[in-house]
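Colleague: Okay, sequence plus prediction incoming.
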Amino acid sequence: MILRVDVLKTAIDSAKDNKLTINEQKVILLSAHGQQFEQTIAKKFSKLKNLILICGHYEGFDERIKNFVDAEISVGDFVLTGGEIPAMLIADSVARLVEGVLKKGSADSESFSPYLEYPQYTKPQVFEKRPVPKILLSGNHAEIKKWQEDESLKITQKLRPELIRKAPLPRKD
């Protein structure tokens, strides 16, 4: 099934807020041809007042719809039956960055901000001879923060080294 251009254009026009400028709202087409979605894009989208996501199903959409969108975004190099799940993925990652959705500052120190997140632990302090790192039990918040940054950097270097090339190091030391 290919979505018709006239139907989609009517939907876009209906969803757009004519009082907003191009810098306050965007129409995004979910497409394998698009730029890879990542956290920096989520941050930009979170500043918008209106975000319209267009997603196809099965075969997609009439090519002419590209004349009425601001950008094309891809969520990865794989094939799905439709764009509904990528739209939910984008909506969730953007919504959590909108002021007031989460507790102030909580989105700043999580995965891909800009490195992978450091390990986290719960009780008991030792489980099957595997202890929680002593530094985390020390109460020294400055040293704990340094440990978290170091662990985040180590994990990112090991699992996603390309992220390090895109972002500044957390500390000079």
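Modeller: Thanks, I have the structure now. Numbering: from 1, shown residues only.
Colleague: In the protein, which helix is the longest?
Modeller: Secondary structure of the chain read by DSSP state H shows that its longest helix is helix 141-159.
Colleague: Pull the residues that contact whichever helix or strand comes after it.
Modeller: The C-terminal neighbour of helix 141-159 among helices and strands, as given by DSSP states H and E, is helix 161-166. Applying CB atoms under 8 Å, 6 or more residues apart in numbering, the contact partners of helix 161-166 are F112, P114, Y115, L116, L153, T156, Q157. All C-beta spots, glycine's among them, are computed from the backbone N, C-alpha and C.
Colleague: can you check stretch 136-146 too?
Modeller: By CB under 8 Å, 6+ apart, the residues outside stretch 136-146 that reach it are Y121, Q125, I135, W147, R171.
Colleague: Narrow those residues to those in helices?
Modeller: With helices taken from DSSP H, the overlap with the contacts of stretch 136-146 comprises W147.
Colleague: Need the buried ones from the contacts of stretch 136-146 selected in PyMOL.
Modeller: Per 16 or more other CB atoms under 10 Å, the buried members of the contacts of stretch 136-146 correspond to this PyMOL selection:
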select buried, resi 147
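Colleague: quick one: which of the contacts of stretch 136-146 is nearest to T21?
Modeller: When the contacts of stretch 136-146 are compared for distance to T21 (CB to CB), R171 wins out at 39.1 Å.
Colleague: Give me the pLDDT value at that closest one.
Modeller: Note on R171: pLDDT of 65.
Colleague: Same question for A167.
Modeller: pLDDT recorded at A167 is 75.
Colleague: what sits against it?
Modeller: Taking CB under 8 Å, 6+ apart, we find A167 in contact with P114, Y115.
Colleague: Pull up the pairing partners for the top strand by length along the chain, direction included.
Modeller: In terms of residue count, the longest strand belonging to the chain (DSSP state E) is strand 25-36. Strand pairing for strand 25-36, using DSSP bridges, gives strand 50-54 (parallel), strand 71-74 (parallel).
Colleague: what comes into contact with that strand?
Modeller: Residues outside strand 25-36 that contact it (CB under 8 Å, 6+ apart): 12, 16-17, 41, 45, 48-56, 60-61, 65-66, 68-77, 79, 83, 86-87, 90.
Colleague: Just the buried ones from these, in PyMOL syntax?
Modeller: With 16+ other CB under 10 Å as the criterion, this PyMOL line picks the buried residues out of those:
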select buried, resi 12+41+45+48+51+52+53+54+55+56+60+61+65+69+73+74+75+83+86+87+90
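Colleague: In strands, which of the contacts of strand 25-36 fall?
Modeller: N50, L51, I52, L53, I54, G60, F61, A71, E72, I73, S74.
Colleague: picking up where we left off before, dump the contacts of helix 161-166 to CSV, plus distance to I28, pLDDT and neighbour count.
Modeller: As requested, the contacts of helix 161-166 are exported to CSV (distance: CB to CB, whole Å; pLDDT from 0 to 100; neighbours: other CB atoms under 10 Å):
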residue, distance to I28, pLDDT, neighbour count
F112, 19, 54, 16
P114, 22, 80, 15
Y115, 26, 87, 22
L116, 26, 90, 19
L153, 32, 93, 18
T156, 28, 92, 21
Q157, 32, 93, 13
